[in-house]
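> Next come a sequence and a model predicted from it.
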Amino acid sequence: MKFPTFHFDNNAYGKFILSIAFGQSKYYTDSLSENIRRGIRHKLRKGIWPGWAPLGYLNDHKTKTIVIDKEKAPLIKEGFELYSSGNYSLNSIKKILFEKGLIGKKNKPLAVCNIQYFLKNPIYYGLIRYTGNIYEGSHPPIITKRLFEKVQKVSKQRHRATRKKKYNYPFRGFIQCGECGAMITAEIKKKRYIYYHCTKRKGKCSQPFNTTEENLYQQLSLGLSAIWLNDKTANKILSDLEKYRTDESKNISSLSEKFEKTLTNISQRLDRLLEGYISGLIDPAEYQEKKASLIEEKIELKQKITSLKNESNSWFELAKDIVLTCNSVEKIIKERDCANLVKICRKTGSNFVLRDNTLSFSFRKPFDFFAGRLAYRTGRRPAYRLPARFVPTKEGVIVSSKKDEKGSFKNEMTANGSREFFEGVFSQKQEQSRWRRREDSNPRSA
């Protein structure tokens, strides 16, 4: 046998020398493989990702670790947040992220399987999953463990992809019939007129079929006006919240120190567990099980410390979002964006019921507080129910509650998006007198 650098005769001695050469080659490859696996295990014990950085991270060749990619990491986090809402499919997330500039390593668009892979990868909240084992990572996380668990929950609950809708019915899916309790659906007539009506899936129902989309839009708009805050009031509330946040942040350090001590205790327990495993006192299966539980506890405690440090910011951001939501009602109604109107309705209200073309609902907490305060100042009720019927016109919305001799509704006044609209369309005295007449009439009817 002949090789570029060796020559072996076809006899006993040549075969012997050939077997030695093959043995040396096999020893070299096995030794190299063992050294590589040893280096990988050493990196994993130190919490270092042992391979090419996943999407959203970059390899730091100086420190031999991975660091956050400032361009792609926010898009990865946005992908988790979109999927956790339950309103987006994997394909739609892929399109949204690609439009914002998220591409793969070879500058190609991500496939759906790539989106699904990073949504299930725990490395983005601080854990390393390698060959079925879980290790604590030393890299900075992109998302929180809570967001990751929420994504996994949505992934388990989702069993089918959403179909592409031919028509957009923004007010379908969250309003119930006030007579039978079924959901309100929509249909289009003559390819341009949209009407909402009861599905009648719970039995006979006598509710009409002539509730227009404009009717629902105006009623929801008037209902949201109960929580509207003007710019002056919103700015005053935000300044008070800022002062309270400054005072509260002084009391967080003591609790943070307590968590740090517990974290140190867990690290010591992990060290003792490793010593017991090395000395042979603990079998591998028990070691992996206890180590995984301690690492999960350690990660959760780190998340608590991080959330504690950002606690003053978190509740402030939540309160700020509530105030800004109430302040944005005027803008959303004036823009006539049905999709945003539905979002703010779902966010602020519940128990949407439609009966006889009249919509009623109640506000969620803490938005009911704003509605109650406004009701106290203006005489409006916090549990909102429309006192009038809306008829859409080209000029605006005609509010009417009186009938003429023929039985049709008689126009009283119009609302064109001015301040009077956000004060309930009617003036304060007119609205109070209407409610007073209704309250006075109820005892007589009883």
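Right, received. Where do you want to start? Residues are numbered from 1 along each chain as shown.

> Torsion angles phi and psi at the nearest residue to F171 once chain neighbours are set aside?
Spatial nearest neighbour of F171, chain neighbours left out: L216 (4.9 Å); criterion: C-beta to C-beta, 6 or more residues apart in numbering. All C-beta atoms are positioned from the backbone trio N, CA, C, and that covers glycine. For L216, the backbone dihedrals (degrees, to the nearest 10) come out as phi -60, psi -40.

> Give me the number of neighbouring residues for R37.
By the measure other C-beta atoms under 10 Å, the count of residues near R37 is 12.

> My guess is S267 contacts E297. True?
No: using C-beta atoms under 8 Å as the test, S267 is too far from E297 to be in contact (11.0 Å).

> which other residues reach the one helix or strand S155 maps to?
Using DSSP states H and E, S155 falls within helix 145-157. Contacts to helix 145-157, defined as C-beta atoms under 8 Å, 6 or more residues apart in numbering, come from residues 80-81, 83-84, 86, 119-120, 122, 124-126, 299-300, 303.

> 6 Å - rerun?
For helix 145-157, the surrounding residues in contact (C-beta atoms under 6 Å, 6 or more residues apart in numbering) are 80, 83-84, 86, 119, 125, 303.

> from these, which would you call buried?
Buried members of the contacts of helix 145-157, counted by 16 or more other C-beta atoms under 10 Å: 80, 83-84, 119, 125, 303.

> how about stretch 81-94 as CSV, C-alpha atoms only?
This file holds the C-alpha atoms of stretch 81-94, laid out as CSV (Å, rounded to 0.1, in the frame of the first residue of the first chain):
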residue,chain,number,x,y,z
GLU,A,81,-43.9,40.0,23.5
LEU,A,82,-46.0,39.7,20.3
TYR,A,83,-46.4,35.9,20.7
SER,A,84,-47.2,36.2,24.4
SER,A,85,-50.2,38.4,23.6
GLY,A,86,-51.8,35.5,21.7
ASN,A,87,-52.8,37.7,18.8
TYR,A,88,-50.0,36.9,16.4
SER,A,89,-49.0,33.7,14.6
LEU,A,90,-45.5,32.6,13.9
ASN,A,91,-45.8,33.6,10.3
SER,A,92,-47.0,37.1,11.1
ILE,A,93,-44.2,37.5,13.7
LYS,A,94,-41.7,36.5,11.1
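
> So which bits of that stretch are buried?
82-84, 88-90, 93-94.

> One more: stretch 63-76?
Neighbour-count burial for stretch 63-76 flags 65-66, 68-69, 72-73, 75-76 (criterion: 16+ other C-beta under 10 Å).

> and the two most separated of the residues you listed?
In the buried residues of stretch 63-76, two members sit farther apart than any others by C-beta to C-beta. They are T65 and L75, at 21.5 Å.

> Among the contacts of helix 145-157, which are located in strands?
Residues of the contacts of helix 145-157 located in strands (DSSP state E): none.

> Narrow those residues to those in helices?
Per DSSP state H, helices hold the following members of these: 80, 83-84, 119, 303.

> all helices for the stretch 1-150 of the chain, in order.
For the stretch 1-150 of the chain, helices defined by DSSP state H, counting those that start in this stretch occupy the ranges 12-45, 73-84, 90-99, 112-119, 145-157.

> Likewise for the stretch 201-350 of the chain?
213-224, 231-248, 253-278, 284-309, 311-327, 329-335, 338-348.

> nearest to V112, of the ones you listed?
Within the helices of the stretch 201-350 of the chain, the stretch nearest V112 is helix 338-348; the backing value is 24.9 Å (C-beta to C-beta).

> helices or strands next to the closest one in the packing?
With contacts defined as 3 or more C-beta pairs under 6 Å, 6 or more residues apart in numbering; DSSP states H and E, the packing partners of helix 338-348 are helix 329-335.

> domain parsing for this structure?
Here the domain parsing of the chain from automatic domain parsing is 1-45, 57-157, 175-229+324-445.

> Quick one: closest of the ones you listed to R272.
Set against R272 and scored by C-beta to C-beta, the domains of the chain come closest in domain 1-45, at 15.1 Å.

> With neighbour numbers in mind, choose between S267 and E297.
Neighbour count, other C-beta under 10 Å: between S267 and E297, E297 has more, with 15 against 12.

> Name the nearest residue to the more buried one, ignoring sequence neighbours.
I266 (6.1 Å).

> just N91 next, same as before
Sequence neighbours aside, V112 is the residue nearest to N91 in space, at 5.8 Å (criterion: C-beta to C-beta, 6+ apart).

> Does that neighbour touch L90 like I think?
Yes: contact criterion C-beta atoms under 6 Å: V112 and L90 qualify, at 4.9 Å.

> what ranges of the stretch 301-446 of the chain fall below the confidence cut-off?
309-314, 372-446 (pLDDT under 70).

> Tell me the pLDDT of G79.
For G79, the pLDDT comes out at 92.

> and the gap between it and I115?
Distance, G79 to I115, using C-beta to C-beta, to the nearest Å: 7 Å.

> same thing with F174?
Distance from F174 to I115, by C-beta to C-beta: 28 Å.

> So between these two, which is more surrounded?
For F174 versus I115, neighbours defined as other C-beta under 10 Å are more numerous around I115 (21 against 16).

> residues in contact with that one?
Contacts for I115 were tallied using C-beta under 6 Å, 6+ apart; they are 90, 93-94.

> what do you get if the cut-off is 10 Å, keeping everything else the same?
Applying C-beta atoms under 10 Å, 6 or more residues apart in numbering to I115 gives the contacts 55, 79, 83, 89-94, 97, 102.

> what does T199 give?
Applying C-beta under 10 Å, 6+ apart, we find T199 in contact with 172, 177, 180, 182-185, 205.

> coming back round to it: run through the residues that contact the residue nearest to N91.
The contact partners of V112, taken as C-beta under 10 Å, 6+ apart, are 89-91, 93-94.

> ok, of those residues, which one's closest to R37?
Nearest to R37 among the contacts of V112, with distances taken as C-beta to C-beta, is L90, at 34.4 Å.

> show me where pLDDT drops low in the stretch 1-150 of the chain?
1-7.

> can you do 50?
For the stretch 1-150 of the chain, no stretch has pLDDT under 50.

> now I103: how far from G51?
Applying C-beta to C-beta to I103 and G51 gives a distance of 20 Å.

> neighbour-wise, which of those two wins?
Between I103 and G51, counted using other C-beta under 10 Å, the more crowded position is I103 (14 against 10).

> Now that that one has come up, it's in contact with L55, right?
Yes: the pair I103 / L55 is scored as a contact, 9.4 Å apart, by C-beta atoms under 10 Å.
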